[in-house]
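Engineer: Let's see this in three dimensions:
(one chain, ligands or ions: 1)
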Amino acid sequence: MIPYGRQEITQADIDAVVEVLRSDFLTQGPMVPRFEQAVVQHVNAKYAVAVNSATSALHIACLALGLGPGDWLWTSPITFVASANCGLYCGARVDFVDIDSRTYNLCSKALERKLQQAEREGRLPKILVPVHLCGQPCDMAAIHKLSQRYGFKIIEDASHAIGGKYHGEFIGNGHYSDITIFSFHPVKIITTGEGGMALTNNAELANRMALLRSHGITREPSQMTHASDGPWYYQQIDLGFNYRMTELQAALGVSQMNRLDQYVAQRHVLARRYDGLLANLPVITPWQLPDSYSGLHLYVIRLQPDKNGKSHKQVFESLREQGIGVNLHYIPVHTQPYYLKMGFKSGDFPEAERYYAEAISLPMYSGLSEVQQDQVVAALSKAVAA
Ligand SMILES: *Cc1c(COP(=O)(O)O)cnc(C)c1O
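Structural biologist: Okay, the predicted model is just below:
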């Protein structure tokens, strides 16, 4: 089976992890700060907090921004459930903004309309989580402008987008948001096994997230309520978690960061090749937002139901039977049973639901060979043939 995504692990990665295994620290040593610095310097942000997953990063980002009961968090229905669940963890309520039909990202026009209505009804969101689906940046300039008019905070879910650029600058630099999140799950662009990171240019937010990562405990005298009792002393000043990343993970991350730009460039070569090979098939290939450079975590095609003899499910099943590990990103979150129980219904976000009925993620990862890519295209040609 050719998977839709997979990690690449080199000898340098293995050596870096083994070196940590032989060192004094498996956790809370020098590698986590080194990994944070590597990412911060690459994307040109000020502060980073590495954690054990992007889900944890989303959670502490919401808490650091003060999300709580009575508040609303809005995100895209076409995302992994974690982008929405982080709001529920904080006791807030969640709502969605329908997607743009070309980028499949949260639509800034739909956002504006929904904000106007929410203002009239007195239920404006506290936090918006735009998700850079497939690595393609959202329309951040427009979203940022709306945040200033309506007073909400922005957490970019850039789980798909490390190494991508918006208006010539790396995603994660925080020009249009309060916090940006990256994921290092093995199917993403670089990996630490499991892992995530929250980036910000705000020192206070960075400090709060660092506290929340580790039980809300500080050893920093300036953060304590009174003078230290002695060299053993620490204080718990907030209710945090154990969301720490291990030293082994961070060492792998530092090593993978050396190849980030190369990985994204390889994904672009593959995407251009797919664009050409698929040009004569009855499918819609990805559209690129002008003045942006996608991280290209995913290459999503859409079937054109009126031009295909086969249904979406038939094409999908045929590809799987032919050994192509296609996937579907994502099932609209509001149609998940847990969300239906909150009152969401099928039909609430029609553009997202139409996308779900047509989308297929083709294999896309830096180690995918041209031969394998040709196999994918041949299998797809066969699958869509009536
Ligand atoms: C993968 C992913 C997450 C969660 O990442 P983890 O590191 O697995 O917790 C969140 N949002 C999006 C859009 C993702 O793709």
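
Engineer: now the strands for the stretch 101-250 of the chain?
Structural biologist: With DSSP state E, counting those that start in this stretch, the ranges of strands along the stretch 101-250 of the chain come out as 127-129, 153-157, 165-166, 169-170, 179-183, 196-200, 217-218, 235-236.

Engineer: So what touches the fifth one?
Structural biologist: Right, strand 179-183. The contact list for strand 179-183, computed with CB atoms under 8 Å, 6 or more residues apart in numbering, reads 39, 43, 45, 53-54, 57-58, 61, 64-65, 154-162, 171-172, 174, 188, 195-200, 205, 209. Just so you know, the C-beta spots here come from the backbone N, C-alpha and C atoms, and that holds for glycine as well.

Engineer: let's see 6 Å
Structural biologist: 54, 57-58, 61, 155-159, 162, 172, 196-200 (CB atoms under 6 Å, 6 or more residues apart in numbering).

Engineer: could you redo the strands of the stretch 101-250 of the chain as TSV and give each row distance to the ligand, mean neighbour count and mean pLDDT?
Structural biologist: Supplementary listing: these in TSV, determined by distance: least, CB to the nearest ligand atom, whole Å; neighbours: other CB atoms under 10 Å; pLDDT from 0 to 100:
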stretch	distance to the ligand	mean neighbour count	mean pLDDT
strand 127-129	9	27	98
strand 153-157	5	25	98
strand 165-166	16	22	98
strand 169-170	18	18	98
strand 179-183	4	30	98
strand 196-200	5	30	98
strand 217-218	23	16	96
strand 235-236	25	14	96
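
Engineer: Enumerate the residues of this structure near the ligand.
Structural biologist: 53-55, 79-80, 82-83, 131, 157, 159-160, 183, 185, 196 (CB under 6 Å from any ligand atom).

Engineer: for the stretch 251-386 of the chain, what are the low-confidence residue spans?
Structural biologist: Within the stretch 251-386 of the chain, the ranges that satisfy pLDDT under 70 run 386.

Engineer: can you give me the strands in it?
Structural biologist: Here the stretch 251-386 of the chain has its strands, by DSSP E, counting those that start in this stretch, at 283-284, 292-293, 299-303, 324-325, 359-362.

Engineer: can I get the ones you listed in TSV with mean neighbour count and distance to Y338?
Structural biologist: Output for these, formatted as TSV (neighbours: other CB atoms under 10 Å; distance: least, CB to CB, whole Å):
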stretch	mean neighbour count	distance to Y338
strand 283-284	18	31
strand 292-293	22	33
strand 299-303	22	24
strand 324-325	20	27
strand 359-362	22	22
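
Engineer: could you dump these to TSV with distance to L26?
Structural biologist: Compiled in TSV, these are given as follows (distance: least, CB to CB, whole Å):
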stretch	distance to L26
strand 283-284	47
strand 292-293	36
strand 299-303	37
strand 324-325	33
strand 359-362	35
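
Engineer: Looking at the contacts of strand 179-183, which is nearest N308?
Structural biologist: When these are compared for distance to N308 (CB to CB), S159 wins out at 30.5 Å.

Engineer: Could you give the bridge partners of the closest residue to the closest one other than its chain neighbours?
Structural biologist: Among residues not flanking S159 along the chain, S183 sits closest, at 3.7 Å (CB to CB, 6 or more residues apart in numbering). On the basis of DSSP bridges, S183 is bridged to G196.

Engineer: Now do S183 against G240, distance only.
Structural biologist: To G240, S183 is 21 Å away according to CB to CB, to the nearest Å.

Engineer: Quick check: the most centrally placed residue in the chain vs K109, distance?
Structural biologist: By CA atoms, centre = their mean, the mean C-alpha position of the chain lies nearest to S159, the distance being 2.0 Å. Computed as CB to CB, the S159 to K109 distance reads 24 Å.

Engineer: What count of nearby residues applies to P77?
Structural biologist: P77: 29 surrounding residues under other CB atoms under 10 Å.

Engineer: pretty sure it contacts F349?
Structural biologist: Yes: counting by CB atoms under 6 Å, F349 is a contact partner of P77 at 4.7 Å.

Engineer: where do the contact lists of these two overlap?
Structural biologist: Common contact partners of P77 and F349 (CB under 6 Å, 6+ apart): F96.

Engineer: any idea how far the ligand is from D229?
Structural biologist: Separation of D229 from the ligand (CB to the nearest ligand atom, to the nearest Å): 37 Å.

Engineer: would you list every one of the helices in the stretch 201-350 of the chain?
Structural biologist: 203-213, 247-257, 260-277, 312-321, 337-340, 350-356 (DSSP state H, counting those that start in this stretch).

Engineer: for the ones you listed, which one sits closest to Q116?
Structural biologist: Judging those by CB to CB, what sits closest to Q116 is helix 350-356, at 18.5 Å.

Engineer: Now do the buried residues in the closest one.
Structural biologist: Neighbour counts over helix 350-356 (16 or more other CB atoms under 10 Å) mark E351, A352, E353, Y355, Y356 as buried.

Engineer: Now the second one: closest residue in space, sequence neighbours ignored.
Structural biologist: Distance criterion CB to CB, 6+ apart; nearest residue to A352, sequence neighbours excluded, is P77 at 4.1 Å.

Engineer: Check the third one too.
Structural biologist: With sequence-adjacent residues excluded and distances taken as CB to CB, 6+ apart, E353 is closest to P332, at 5.8 Å.

Engineer: didn't the one you found look like it was pressed against S76?
Structural biologist: No: using CB under 6 Å, P332 is not in contact with S76; the gap is 9.1 Å.

Engineer: quick one: which of these two has more around it?
Structural biologist: Higher neighbour count among P332 and S76: S76, with 31 against 23, using other CB under 10 Å.

Engineer: Look up how far H167 lies from Q262.
Structural biologist: From Q262 to H167 the distance is 23 Å (CB to CB).

Engineer: oh sorry, the question was meant for Y150
Structural biologist: Distance from Y150 to H167, by CB to CB: 22 Å.
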